[in-house]
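Engineer: sharing a model that was predicted from the sequence below.
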Amino acid sequence: GAGVSQTPSNKVTEKGKYVELRCDPISGHTALYWYRQSLGQGPEFLIYFQGTGAADDSGLPNDRFFAVRPEGSVSTLKIQRTERGDSAVYLCASSLTRATGELFFGEGSRLTVL
Amino acid sequence: KQEVTQIPAALSVPEGENLVLNCSFTDSAIYNLQWFRQDPGKGLTSLLLIQSSQREQTSGRLNASLDKSSGRSTLYIAASQPGDSATYLCLPGGYQKVTFGTGTKLQVIP
């Protein structure tokens, strides 16, 4: 696609529910990143994929968060048993390669947990 | 762990002024450094990417410099315009976990 696409753009859910956020990177980009941004803060790294594998998942806050990228393209961030503190904008970025790649971001998915 | 600091945290200038935004980072083992702008409620828009072997990169009224050894980058904006109002973020890209700074919130007053 022309840019990084994220769906849904907005998601409102109740505490304890399961949520999936999708990221469709730029075609051909092998590196994919997920970030979380709380109000007034810079984006916080969650996980990085190189191809299909999670090369660095050290930013995932706990085991309720999980992400997959089964075919090396689209990625899904999954959050189980959501909590109010999970409310944030979840940003996805992709780059052609990791080494020298310019990152391109999607518009984000705003998650609100009531 | 890479630590990134951006100074100032906020800046308000009259239209037409030239200005400098600063970014410092603790680990110089980086591939590149990228500057972004973020408008309220939006994603990040890439402005400039400087590779680790470069010292400077220019795009229109924007000029970014990189001093890798001292862990510093600056973003120079010439002849600022109200449309430049946004939060500016720098991102050192490296082997370690990629971490953003806190950003500089810029307001250009007409």
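Structural biologist: The structure has been received and is ready for your questions. Numbering: from 1, shown residues only, chains lettered A, B, ... in the order given.
Engineer: tell me who's in contact with residue B:38.
Structural biologist: B:44, B:45, B:86, B:87, B:88, B:89, B:103 (CB atoms under 8 Å, 6 or more residues apart in numbering or on different chains). Bear in mind the C-beta positions are built from the backbone N, C-alpha and C, glycine included.
Engineer: which members of the residues you listed additionally contact chain A?
Structural biologist: With CB under 8 Å from any CB of the partner chain as the criterion, the contacts of residue B:38 include B:44, B:45, B:89, B:103 near chain A.
Engineer: of those residues - the most surrounded one?
Structural biologist: The most crowded member of those, judged by other CB atoms under 10 Å in any protein chain shown, is residue B:44 (29 neighbours).
Engineer: distance check, the one residue sitting closest to the centre of chain A against chain B.
Structural biologist: Central residue of chain A (CA atoms, centre = their mean): residue A:34, 3.4 Å from the mean position. Remark: distance between residue A:34 and chain B (CB to the nearest CB, to the nearest Å) = 11 Å.
Engineer: rewinding a little: out of the ones next to chain A among the contacts of residue B:38, which are inside strands?
Structural biologist: Secondary structure from DSSP state E places B:44, B:45, B:89 of the ones next to chain A among the contacts of residue B:38 in strands.
Engineer: which parts of chain B are helices?
Structural biologist: Using DSSP state H, no helices are assigned anywhere in chain B.
Engineer: where does chain B have low pLDDT?
Structural biologist: B:95-97 (pLDDT under 70).
Engineer: and if we set it to 80?
Structural biologist: Residues of chain B meeting the criterion pLDDT under 80: B:1, B:94-99, B:101.
Engineer: count of residues packed around the closest residue to residue B:70 other than its chain neighbours?
Structural biologist: Nearest residue to residue B:70, sequence neighbours excluded (CB to CB, 6 or more residues apart in numbering or on different chains): residue B:28, at 7.9 Å. As a burial measure, residue B:28 scores 15 neighbours (other CB under 10 Å).
Engineer: residue B:28 touches residue B:68, doesn't it?
Structural biologist: Yes: the criterion here is CB atoms under 8 Å, and residue B:28 meets it with residue B:68 at 5.2 Å.
Engineer: please report the distance of the closest residue to residue A:64 other than its chain neighbours from residue B:48.
Structural biologist: Take residue A:64 and drop its neighbours on the chain: the residue closest to it by CB to CB, 6+ apart is residue A:80, 4.7 Å away. Note on residue A:80: its distance to residue B:48, by CB to CB, to the nearest Å, is 39 Å.
Engineer: sorry, back to before: run through the residues that contact the residue nearest to residue A:64.
Structural biologist: So residue A:80 contacts A:18, A:64, A:65, A:66 (CB under 8 Å, 6+ apart).
Engineer: for ChimeraX, write the select line for the buried members of the residues you listed.
Structural biologist: The buried residues among the contacts of residue A:80 can be selected in ChimeraX (16 or more other CB atoms under 10 Å in any protein chain shown) with this line:
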select /A:65
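Engineer: out of the contacts of residue A:80, who's nearest residue B:57?
Structural biologist: Within the contacts of residue A:80, proximity to residue B:57 (CB to CB) peaks at residue A:65, which comes in at 35.0 Å.
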